[in-house]
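Enquirer: Kindly return the folded structure for what I paste below:
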Amino acid sequence: MEDPHSGQTLIEARGLSRRYGPLTAVSDLNLSLRQGEILGLLGPNGAGKSTTLKMLAGCLAPSTGEIRINGVSLRENPKAAKRQLGYLPEQPPLYPELSVNEYLHFCAGLHGIARANRASAVAQAKNACALNEVAQRNIGNLSKGYQQRVGLAQAILHRPPVVILDEPTIGLDPIQIREIRALIAELGKSHSVILSSHILPEIQAVCGRVMILNGGRMVYNEPVAHESHFTSVAVQLRRPPAASALENLAGVARVEPLAGGRLRLHCADRADPREAIAEAASRQDWGLLELHAERKTLEDIFVELTAGLAEERREAA
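Expert: Numbering: from 1, shown residues only. Below you'll find the model as predicted:
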């Protein structure tokens, strides 16, 4: 039977702004998270990612705007709203002198889990985060990767519908990063997740949608699958026609000469002109040697959307 709540909006934030005196860290931000989504929050250092997550988690009051968590207003009923959330800040809130078991039982009490249900909740969190082998060890003696797992375990201990993760793989080695990414992907099957990072592969590896912040403003909000949609086609012809002949083909907006006799054909909005190019090349005997889509990667989009502000900052300095 289909879940009647499938696809419901779990976080709805409208007009969020946060100012520190004359500095605006986040400006007029709208954000939503639906059930089952893993949303990647991407941006350069200082873009406003951590400030945004702190506001969503109820750790920082917005200067303006409204946040609703699973339909509950974070301003009007903060305790009820925060029960819907699990939060792992950039620095995990750990007590190094406690064992993993002691810490998770302590967190279970903070989350308001009934005493009779705490052992079961802790066991589920340990299983989900692969912590059983280190359950008796002090947190301070664990590797950074295992400490991140403990931080994740406390975030999901009370089985919240939404989990917010701020830079969860920062400072980890490549093997630990892969393990945490796999764990986040698994969490996404039973929780909705917001994952903040400035590392592009992090977002591409686990997220279904990406939002890019720059200078405290949202500049991009699309499914990750769309980031590779091509916007131009590279062509090489043995006997190329005049540029006007190519520009008249369906789906071609503009022709740009490239080195080595190659051409870049810029596509009209969301058009795919490859079939028209191949058909015309065959019919007109242009001698088609090369034809392939040039895809715009997430890195291309990120640089394109953030380079302008970086240049402005360098000039101001």
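Enquirer: Which residue ranges make up each domain of the protein?
Expert: As assigned by automatic domain parsing, the chain contains the domains 9-226, 230-295.
Enquirer: First residue to last residue on the shortest one, what's the distance there?
Expert: Taking Cα to Cα, to the nearest Å as the measure, domain 230-295 stretches 4 Å from start to finish.
Enquirer: Okay, now the unreliable bits of the stretch 101-250 of the chain?
Expert: Of all residues in the stretch 101-250 of the chain, those with pLDDT under 70 make up the ranges 225-229.
Enquirer: where exactly do the strands run in it?
Expert: 162-166, 192-197, 209-214, 217-223, 230-237 (DSSP state E, counting those that start in this stretch).
Enquirer: How about the secondary structure of the closest residue to residue 241 other than its chain neighbours?
Expert: Leaving aside its chain neighbours, residue 241 sits nearest to residue 286 (6.2 Å; criterion: Cβ to Cβ, 6 or more residues apart in numbering). Where C-beta positions appear, they are placed from N, C-alpha and C, glycine not excepted. Per DSSP: H, G, I helix; E, B strand; the rest coil, the secondary structure class of residue 286 is coil.
Enquirer: what's the residue nearest the centre of the chain in contact with, if anything?
Expert: The centre of the chain sits closest to residue 40, judged by Cα atoms, centre = their mean, with a distance of 0.7 Å. Counting by Cβ atoms under 8 Å, 6 or more residues apart in numbering, residue 40 touches 195-197, 202-203, 206-207, 209-211, 224.
Enquirer: Would you mind listing which of the residues you listed are buried?
Expert: Buried members of those, scored by 16 or more other Cβ atoms under 10 Å, are 195-197, 202-203, 206-207, 209-211, 224.
Enquirer: Residue 246 contacts residue 265, doesn't it?
Expert: Yes. When contacts are counted by Cβ atoms under 8 Å, residue 246 is listed as touching residue 265 (6.2 Å).
Enquirer: Please enumerate the shared neighbours of these two.
Expert: Common neighbours of residue 246 and residue 265 (criterion: Cβ under 8 Å, 6+ apart): 235, 252, 255, 277.
Enquirer: quick one: the helices in the stretch 1-150 of the chain?
Expert: Assignment of helices within the stretch 1-150 of the chain using DSSP state H, counting those that start in this stretch yields the ranges 49-56, 78-82, 100-110, 115-128, 144-156.
Enquirer: try the stretch 201-317 of the chain
Expert: With helices called from DSSP H, counting those that start in this stretch, the stretch 201-317 of the chain shows them at 243-247, 274-284, 298-316.
Enquirer: Which of the strands of the stretch 101-250 of the chain sits closest to residue 295?
Expert: strand 230-237 (4.6 Å; Cβ to Cβ).
Enquirer: so how far is that closest one off the chain centroid?
Expert: 30 Å (Cα atoms, centre = their mean, to the nearest Å).
Enquirer: Wait, the residue nearest to residue 241 touches residue 236, no?
Expert: No. Counting by Cβ under 8 Å, residue 236 is not a contact partner of residue 286; they are 10.0 Å apart.
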